[in-house]
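Novice: based on what follows, work out the 3D shape:
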Amino acid sequence: MDIGTEVSPDAFPPDQVEKPLIYKGRAAHSNQVSRFDPHTRQAIDDGWGSLDEDAPALRTEVMLDAAKTVINYIQSPDLPFDRTLNHYRGCEHGCIYCYARPTHAYLGLSPGLDFESRLLMKADAAELLKKELAHAKYQCAPIALGMNTDSYQPIEREYQLTRKIIQVLAEANHPFSLVTKSSLVERDIDLISPMAAKGLASIYLSITTLDRQIARRLEPRAAAPERRFETLRRLSEAGIPTGVMVAPVIPALTDCDMEQILQQAHQAGARKAGYVFLRLPHELSDLFEQWLQQYFPLKASHVMSLVKQSRGGKTYQSGFGQRMRGEGVFADLLAHRFKLSCQKLGMSGERLGFRTDLFKVPDAWRQSSNSPQLTLF
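Specialist: As a prediction, the model looks like this:
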């Protein structure tokens, strides 16, 4: 349709226009069904102007998540660890680009608004962790906390599952790493700092953009960018090894901030760095495009064009070696920029080393874990 051409009112019939669900503090604009749901839902006008009404209030709901184990073992050449621990499912930070959104489909929930408002928690995660660490066949290796959803999302203030888990790891001298977008991690410096002094802990802050307005729309309930740099500084001053994850890098929207994010993180004490190219698996592709059209309509087609150029013509590639970095001219340029900036700053792209020789399970755990192994004395 040419600019300046008069648009007929019939060009977009009311029953073909879906009103976005816009909530303050939420990033997703729909609650579309998952890929496993055989039925779809569509809002229709009942003749009483129902589509013009404001959406009902959306409050966070936290449900119990029954689990027998909490350590998840993985095999991925893209990751520097082989086990993770996720005690929350869904994330109230509500980052629109979160690659974990599609996992909510396995729960029969929507990767959209459900992912950021209908959360699950493993209330007994700390006790389950004790049992697994006390198992006779357990071999110590660093655990990555909250790689699926943020361990320090807002509900952690009330439930404190992350703090309880770190207390368990501290008792056993078990190494761990953690990536977060929250300044709430400062609350647990008293636990993490002594572990870091033994070579048992490192913390990464994920910083996507320096633009407060973009950040507010991308990550509505995460800490502001400048607050995350302050958190890096406080962690570093406490003797905790820190790093920064420029993640995800969104082409034509946030990639321009990469060098400055690395520089400011270095000034705050970070000595390690990594980045991830935007990943849009399954339902996330539609959710992200909808978000782009709402807030950046003039950039939307350009952003998605660069994404597809870097993903073999698709919005996502799941293959090892490609899903984190992409491919093609733009992805290669991004990788070169990152490498050059890290070299100038003296930042390493490798994860921090950990000690595993200090690991020791308290005798009380073995006696209460129903383990067949008996103590020697």
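
Novice: list the contacts of residue 283.
Specialist: Contact analysis of residue 283 by CB atoms under 8 Å, 6 or more residues apart in numbering lists 32, 34, 35, 101, 102, 105, 111, 112. For glycine as for every other residue, the C-beta is placed from the backbone atoms N, C-alpha and C.

Novice: same check on residue 221?
Specialist: Residue 221 neighbours (CB under 8 Å, 6+ apart): 25, 92, 93, 94, 116, 153, 154.

Novice: near residue 139, how many residues? Count them for me, please.
Specialist: Neighbours of residue 139 under the rule other CB atoms under 10 Å: 8.

Novice: so how far is residue 126 from it?
Specialist: Distance of residue 139 to residue 126, computed by CB to CB, to the nearest Å: 21 Å.

Novice: equivalent analysis for residue 155, please.
Specialist: Residue 155 is 16 Å from residue 126, by CB to CB.

Novice: for the two, indicate the residue with more neighbours.
Specialist: Applying other CB under 10 Å to residue 155 and residue 126 shows that residue 126 carries more neighbours, namely 20 against 17.

Novice: so which strand or helix has the more buried one?
Specialist: If you go by DSSP states H and E, residue 126 is part of helix 125-133.

Novice: got it, and residue 213?
Specialist: helix 212-218.

Novice: cool, residue 84 as well?
Specialist: Per DSSP H and E: strand 83-85 holds residue 84.

Novice: could you point out the helix or strand that follows that strand?
Specialist: As assigned by DSSP H and E, the chain's next helix or strand after strand 83-85 is strand 88-89.

Novice: helices and strands around that following strand, which ones?
Specialist: Strand 88-89 sits against strand 118-121, with contacts defined as 3 or more CB pairs under 8 Å, 6 or more residues apart in numbering; DSSP states H and E.

Novice: dump the strand it packs on to PDB, restricted to CA.
Specialist: The C-alpha atoms that make up strand 118-121 are tabulated as PDB, following Å, rounded to 0.1, in the frame of the first residue of the first chain:
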ATOM      1  CA  ARG A 118       2.300 -18.500  36.100                       C
ATOM      2  CA  LEU A 119       5.400 -19.700  37.800                       C
ATOM      3  CA  LEU A 120       6.400 -23.000  39.500                       C
ATOM      4  CA  MET A 121       8.900 -23.500  42.300                       C
END
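
Novice: still on that earlier bit, just the buried residues of the contacts of residue 221.
Specialist: Neighbour counting with 16 or more other CB atoms under 10 Å marks 92, 93, 94, 116, 153, 154 as buried within those.

Novice: possible to save those residues as JSON lines with distance to residue 209, pLDDT and secondary structure?
Specialist: As requested, the buried ones among the contacts of residue 221 are exported to JSON lines (distance: CB to CB, whole Å; pLDDT from 0 to 100; DSSP: H, G, I helix; E, B strand; the rest coil):
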{"residue": "92", "distance to residue 209": "20", "pLDDT": "95", "secondary structure": "coil"}
{"residue": "93", "distance to residue 209": "14", "pLDDT": "96", "secondary structure": "coil"}
{"residue": "94", "distance to residue 209": "15", "pLDDT": "95", "secondary structure": "coil"}
{"residue": "116", "distance to residue 209": "19", "pLDDT": "95", "secondary structure": "helix"}
{"residue": "153", "distance to residue 209": "19", "pLDDT": "97", "secondary structure": "coil"}
{"residue": "154", "distance to residue 209": "20", "pLDDT": "96", "secondary structure": "coil"}
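
Novice: confirm that residue 301 sits in a strand.
Specialist: No: applying DSSP: H, G, I helix; E, B strand; the rest coil, one finds residue 301 to be helix, outside a strand.

Novice: measure it to residue 90 for me?
Specialist: With CB to CB as the criterion, residue 301 and residue 90 are 31 Å apart.

Novice: and the average pLDDT for the longest strand belonging to the chain is what?
Specialist: Criterion DSSP state E: the longest strand present in the chain is strand 242-249. Mean pLDDT, strand 242-249: 96.

Novice: please apply the same query to stretch 179-187.
Specialist: For stretch 179-187, mean pLDDT is 97.

Novice: what are the boundaries of the strands in the chain?
Specialist: Shown for the chain, the strands assigned by DSSP E span residues 61-64, 71-73, 83-85, 88-89, 118-121, 143-145, 176-180, 201-206, 242-249, 272-277.

Novice: dump those to CSV, plus distance to residue 135 and mean neighbour count.
Specialist: Listed next are the strands of the chain as CSV, based on distance: least, CB to CB, whole Å; neighbours: other CB atoms under 10 Å:
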stretch, distance to residue 135, mean neighbour count
strand 61-64, 24, 12
strand 71-73, 10, 13
strand 83-85, 13, 20
strand 88-89, 24, 24
strand 118-121, 23, 21
strand 143-145, 14, 23
strand 176-180, 18, 23
strand 201-206, 22, 25
strand 242-249, 31, 23
strand 272-277, 31, 21
